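Participant: Next input, structure requested:
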Amino acid sequence: MFNDLDQSDNVGYAALLAAGLFEAVQRRFVKNGEPADRSEVIDFIAAARARSDDAPDAINPDVAEQMIMHALGKGSIAGIDDGTVLRHQIILLAALVGQENYDDAELDAFMNQIRTDADEMLE
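Facilitator: Purely as a prediction, here's the structure:
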């Protein structure tokens, strides 16, 4: 998918990351149509930050919480600069997908879904 993106700008990559994070958040934090409460999000972020020595410096817990809650339709990411959003999208997406431990078919389905979603964003 990365190779198919328009290399003249980062719009395609940004759309793919945004779609990936949104889909991963929905899969992880929405059950029976109901979003998880803030404490479940905080617990996830704490676990993600504890996974490696570098994670506490890489993941700002306030930014991560704000981004996940925004993807759940509870809040905004206004005021977070684009570079911080991009870094946290990458890190949170990796943490969410890694936690799911997808098999090949599930990972392919996830990737196909976010590609479709990213294409829709760009239309």
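Participant: Could you pull up the contacting residues of the most centrally placed residue in the chain?
Facilitator: Centroid-nearest residue in the chain, with C-alpha atoms, centre = their mean: L21, separated by 2.2 Å. Taking C-beta atoms under 8 Å, 6 or more residues apart in numbering, we find L21 in contact with 67, 71, 89, 92-93, 96. Bear in mind the C-beta positions are built from the backbone N, C-alpha and C, glycine included.
Participant: Just those residues: which are in helices?
Facilitator: 67, 71, 89, 92-93, 96 (DSSP state H).
Participant: re the thing from before, does the residue nearest to the centre of the chain belong to a helix, a strand or coil?
Facilitator: At L21 the chain is in helix, as set by DSSP: H, G, I helix; E, B strand; the rest coil.
Participant: repeat for the one 4 residues further on
Facilitator: On the three-state scheme (three-state DSSP), V25 is labelled helix.
Participant: can you pull the buried residues of stretch 111-123?
Facilitator: Using 16 or more other C-beta atoms under 10 Å as the test for burial, stretch 111-123 gives 111, 114-115, 117-118.
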